[in-house]
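**Q** any chance you can model this:
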Amino acid sequence: MRRMLTRIATLGTVLLFAGCAVPTGQMDYAAFKASRPRSIVVLPPLNESPDIKATYAMLSQTTYPLAESGYYVLPVALVDETFRQNGLTVPGDIHTVPVPKLREIFGADAALYVTVTDYGSRYQVLSSVTRVAANARLVDLKTGDELWSGTAVAANDSGNSGGGLIGMLVTAAINQAVNHATDASYPLAGTASARLLSAGTRNGILYGPRSPKYQSD
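**A** Residues are numbered from 1 along each chain as shown. Prediction:
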């Protein structure tokens, strides 16, 4: 019995890290280089996970990597309030706003559409796994063309290999409860956001005009 559980836990760990693999294809940057956006408006992310905190956990942590990459990012709180003042409170509705209208309202060069596909902690036999996954599209607000798209995953396995089988089960259960109570996914959303939106990475966004590395990629 113990050997079987150990094998299950090992398989779970292998699958966890396999899920973090990134695409190996080469990104086509032709449209991005032709557009060279200077400012970005980030739309409230769509949330495909069961956790209602996912949208704003991700939204609140998108500005930093984009700014570090050399872009001016419209303040997300201001953008969110502008949508609310216009009767748009659901990300699904916001993502359907026509591109020319976004350009008219915000005056940005591009819009970032983010979707959170996974957010939360799960109990997996001998461990509690916390995982955040998201994808994003950068769209030119002048032409409606997609300039870039990417995906990112951040995960943490709080399993414990010591203390015997009973101890491992108890520890995993405690970790699961703590993860839910403290929203352990929030810092991982920051990690996923950094991996997704930082320039200088394979198939990542290009450096913006505020970066000293602008047009070096």
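**Q** contacts, neighbours, all on C-alpha from now
**A** OK.
**Q** give the contact list for the nearest residue to Met58 once chain neighbours are set aside.
**A** The shortest distance from Met58 to any non-neighbouring residue, by Cα to Cα, 6 or more residues apart in numbering, is to Ala189 (5.6 Å). Residues counted as contacts of Ala189 (Cα atoms under 8 Å, 6 or more residues apart in numbering) are 57-58, 61, 132-133, 154.
**Q** mind checking which of those are in strands?
**A** The strands, defined by DSSP state E, take in 132-133, 154 from the contacts of Ala189.
**Q** out of the residues you listed, grab the one that's most surrounded.
**A** Within those, neighbour counts (other Cα atoms under 10 Å) peak at Val132, which reaches 27 neighbours.
**Q** quick check: bridge partners of that one?
**A** Taking DSSP bridges as the rule, Val132 bridges to Tyr119, Ala154.
**Q** give me the below-cutoff pLDDT ranges for the chain.
**A** 1-24, 122-128, 158-183 (pLDDT under 70).
**Q** which residues in it form helices?
**A** Ranges of helices within the chain are 2-18, 30-35, 54-59, 63-68, 76-85, 91-94, 99-106, 164-182, 185-197, based on DSSP state H.
**Q** show me what the second one is packed against.
**A** The helices and strands touching helix 30-35, judged by 3 or more Cα pairs under 8 Å, 6 or more residues apart in numbering; DSSP states H and E, are strand 146-157.
**Q** relative to the whole chain's centre, how far out is the strand it packs on?
**A** Between the centre of strand 146-157 and the centre of its chain there are 6 Å (Cα atoms, centre = their mean, to the nearest Å).
**Q** that one vs helix 185-197, what angle?
**A** Angle, strand 146-157 to helix 185-197, by axes from the mean of the first three to the mean of the last three Cα atoms, to 10 degrees: 140 degrees.
**Q** which secondary structure elements does strand 146-157 contact?
**A** Using 3+ Cα pairs under 8 Å, 6+ apart: strand 146-157 touches helix 30-35, strand 127-140, helix 185-197.
**Q** in JSON lines, list these along with distance to Ala110.
**A** Below are the helices and strands packed on strand 146-157 laid out as JSON lines (distance: least, Cα to Cα, whole Å):
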{"stretch": "helix 30-35", "distance to Ala110": "9"}
{"stretch": "strand 127-140", "distance to Ala110": "4"}
{"stretch": "helix 185-197", "distance to Ala110": "14"}
